[in-house]
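Peer 1: I'd like to go over a predicted model; first the sequence, then the structure.
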Amino acid sequence: MALTIIAGDAIEIEANREDGRVWWAQNGAKRTRLALYAAQGVHIERVDTEVYLARDAVPVWTGEEWHREAAVYLYPAEKHELHAVWLNTHCGFAVVPKDAVLWEASSFGGPKNSESKIAVLKTGCYVEEYTYKRATPSNWYAITLDGVVRRLGTRSNIVALALRGDKDAKRLAELKGWLSELTTAGQLEVQDEL
């Protein structure tokens, strides 16, 4: 069964518009418009705050420069595939590891790091959602291999979870090198005490 996870921003699950659009963002009239569409027959259900599932649907993307629109279309499919579509209308995001990104597009504009973004991702990755002017620490989310979206929190929360044995937090902390930084810092403290 094909399954597409949609997360990051709220969408309109009642895609009863003629065009099927369930989400869109644009940072200024002359910027690229980002959109998510659901084809006729695609049913989207809300499973958590800003987490949705489109069963028996796969994402297909298009981004033609002259149209000034980058869009993901959810089409009915019977393939055995699992994808995630991450949406953000605030300050953008990054994905770890980078090869988990199958396709992405952004719309920049406005003050500081204002950015709207859409991406189609492989599962088994992490999303770092940025904050305005980077004033507060980024929030991290795990998209597990079985399609669960987990909010892991900020870097300090993730390190604490990793030290308690949380597998998702530990993998992210290892990918980012945060645990080795702790080990190095601990060795420096011991050496200073000698």
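Peer 2: Cool, got the structure.
Peer 1: which parts of the chain are strands?
Peer 2: Using DSSP state E, the strands assigned to the chain run over residues 3-7, 21-25, 33-38, 44-48, 51-55, 57-64, 69-76, 82-88, 93-96, 101-108, 115-121, 125-129, 139-143, 149-153.
Peer 1: shaky segments in the chain?
Peer 2: Under the criterion pLDDT under 70, the flagged ranges of the chain are 15-17, 63-67, 110-113, 182-194.
Peer 1: and Arg33, what does it touch?
Peer 2: Arg33 is in contact with 24-26, 68-70, 107, counting by Cβ atoms under 8 Å, 6 or more residues apart in numbering. All C-beta spots, glycine's among them, are computed from the backbone N, C-alpha and C.
Peer 1: residue closest to the middle of the chain?
Peer 2: Central residue of the chain (Cα atoms, centre = their mean): Trp86, 3.7 Å from the mean position.
Peer 1: from what I can see it touches Cys125, true?
Peer 2: No: applying Cβ atoms under 8 Å as the test, Trp86 and Cys125 come out as separate, 9.3 Å apart.
Peer 1: which neighbours do those two share?
Peer 2: Counting by Cβ under 8 Å, 6+ apart, the contacts common to Trp86 and Cys125 are 95, 143.
Peer 1: could you measure from Ser107 over to Val127?
Peer 2: The gap separating Ser107 from Val127 is 18 Å, by Cβ to Cβ, to the nearest Å.
Peer 1: thinking again about what came up before, and of the strands of the chain, who's closest to Ile13?
Peer 2: strand 44-48 (4.7 Å; Cβ to Cβ).
Peer 1: can you list contacts of that closest one?
Peer 2: Applying Cβ under 8 Å, 6+ apart, the set of residues contacting strand 44-48 is 6, 11, 13, 15, 22, 38, 52-55, 74, 149.
Peer 1: nearest residue to the residue nearest to the centre of the chain other than its sequence neighbours?
Peer 2: Gly8 (4.5 Å; Cβ to Cβ, 6 or more residues apart in numbering).
Peer 1: for burial, what's the neighbour tally of that neighbour?
Peer 2: Burial of Gly8 is recorded as 23 neighbouring residues (other Cβ atoms under 10 Å).
Peer 1: can you select the buried ones among the contacts of Arg33 for me in ChimeraX?
Peer 2: For the buried members of the contacts of Arg33, the matching ChimeraX selection, counting by 16 or more other Cβ atoms under 10 Å, is:
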select :24,25,26,69,70,107
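Peer 1: for the contacts of Arg33, which one is nearest Val159?
Peer 2: In terms of Cβ to Cβ, no member of the contacts of Arg33 lies closer to Val159 than Ala25, at 32.0 Å.
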